[in-house]
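Colleague: pasting the structure only:
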């Protein structure tokens with residue numbers, strides 16, 4: 001169960017990512033074990049952007065409705081900023097995990113295979 005995995009990882013001094021210990025091999029093919037920031041940004045999917053935007057846009061209403069009537073506008077602005085930061089972190093985290101093989105990464109693996117095929121064809125020509 002998930003709780004057992006968490007408690008085992010904590011007992012062993014490990015860290016959990018997507019419900020797995022980090023030192024366990026990733027369940028999907030590794031595209032890049034140490035992706036650059038540029039590569040992570042270039043492999044963002046529309047769903048990553050949509051999820052980040054949804055989280056980011058929830059920050060404004062959260063700030064507005066959780067504040068006292070006299071400070072609602074500044075709280076809404078702060079909430080939008082905080083939501084934007086959360087959106088950025090979620091948007092970056094998902095493609096990073098895909099490149100490292102911790103999330104489903106079929107399109108990224110296909111793109112890597114096409115790139116390798118093209119470079120092998122150029123090298124043999």
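Modeller: Cool, the structure landed. All values reported here derive from a predicted model rather than from experimental measurement.
Colleague: any chance you could map the helices in the chain?
Modeller: Applying DSSP state H to the chain gives helices spanning 2-12, 37-42, 46-66, 72-99, 106-124.
Colleague: Can I get the ones you listed in CSV including distance to residue 24 and mean neighbour count?
Modeller: Quick note: C-beta positions are derived from backbone N, CA and C, even for glycine. As requested, the helices of the chain are exported to CSV (distance: least, Cβ to Cβ, whole Å; neighbours: other Cβ atoms under 10 Å):
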stretch, distance to residue 24, mean neighbour count
helix 2-12, 9, 11
helix 37-42, 22, 12
helix 46-66, 24, 15
helix 72-99, 14, 17
helix 106-124, 19, 11
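Colleague: Skipping its backbone neighbours, what lies nearest residue 58 in space?
Modeller: In this structure, residue 58 finds its nearest non-sequential neighbour in residue 83, 5.9 Å apart by Cβ to Cβ, 6 or more residues apart in numbering.
Colleague: circling back: lowest average pLDDT across the helices of the chain?
Modeller: Ranked by mean pLDDT, these bottom out at helix 2-12, which scores a mean of 55.
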